[in-house]
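Colleague: Got a sequence here, can you model it:
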Amino acid sequence: MTATRTRTLTALATTSLLLVGGATLAEANGWWRPRPTEVRVMLPEGNTNPAISNGVALGGQVATYASSGLGPTALNPSAPAGSPERYTDPSLTEGARGVTVTEAQALVVLRNIVDNLEAAGLRPEDVVTMKCYLMAPPGADTADYAGWNRAYRQYFANVDLATEEVVPVPMGTSPPEP
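Modeller: Numbers count the residues shown, from 1 in each chain. Purely as a prediction, here's the structure:
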């Protein structure tokens, strides 16, 4: 078989698979096409907690609100000026052990986000997706995703969608609290 003929057959086979796959999705009532006022969260198979979803589909009549630029504020005057610790609020981590700087800063940012939502007449339950950018803390090679996720789940993605029960999430190395 010539190289050109092999490439042509491969391209035709790939195109056929894509067309058949697309038709199958459309016949399955299209998970990607929600009803006009529906918000559909796609979770991994067997998962009922939306800590990280595969995607979110919004119906065409769902209003959206975008916010950006909400970072931590300097609320810890006892920390050195310009230090990462300066951008934390000790009242948010009072009594918790093992809270990382990223987690403590994230709690401030997330509280700012909730305040911003409330000023717009919205609630944390109205949030369907969030994008954040993390930097590695001083001396670390990678960002502290575990610390961010613990803080994030204090405010968002902390309800089991099947049972509607709150999922207890620890802060730092402390056991979860209500």
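Colleague: so how far is Pro137 from the residue most central in space within the chain?
Modeller: Nearest to the geometric centre of the chain sits Met130, at 4.9 Å (CA atoms, centre = their mean). Distance, Met130 to Pro137, by CB to CB, to the nearest Å: 21 Å. In short, each C-beta sits where N, CA and C put it, glycine included.
Colleague: cool, and Thr163?
Modeller: Taking CB to CB, one finds Thr163 at 35 Å from Pro137.
Colleague: which one of these two has more residues nearby?
Modeller: A count of neighbours by other CB atoms under 10 Å puts Pro137 above the other of Thr163 and Pro137, at 16 against 10.
Colleague: Okay, that one and Ala63: tell me how far apart.
Modeller: Counting by CB to CB - Pro137 and Ala63 are separated by 37 Å.
Colleague: all helices of this protein, in order?
Modeller: Assigned by DSSP state H, the helices in the chain fall at 3-27, 101-119, 145-155.
Colleague: what's the neighbour count on Arg153?
Modeller: 20.
Colleague: And for the one 5 residues further on?
Modeller: Here the number of neighbours of Asn158 (other CB under 10 Å) works out to 18.
Colleague: Can you check what pLDDT the model gives it?
Modeller: Asn158 is assigned 88 on the pLDDT scale.
Colleague: mind showing which ranges of this protein have poor pLDDT?
Modeller: Residue ranges of the chain with pLDDT under 70: 1-32.
Colleague: Met42 reaches Leu58, doesn't it?
Modeller: No: checked against CB atoms under 8 Å, the pair Met42 and Leu58 is beyond contact range at 11.9 Å.
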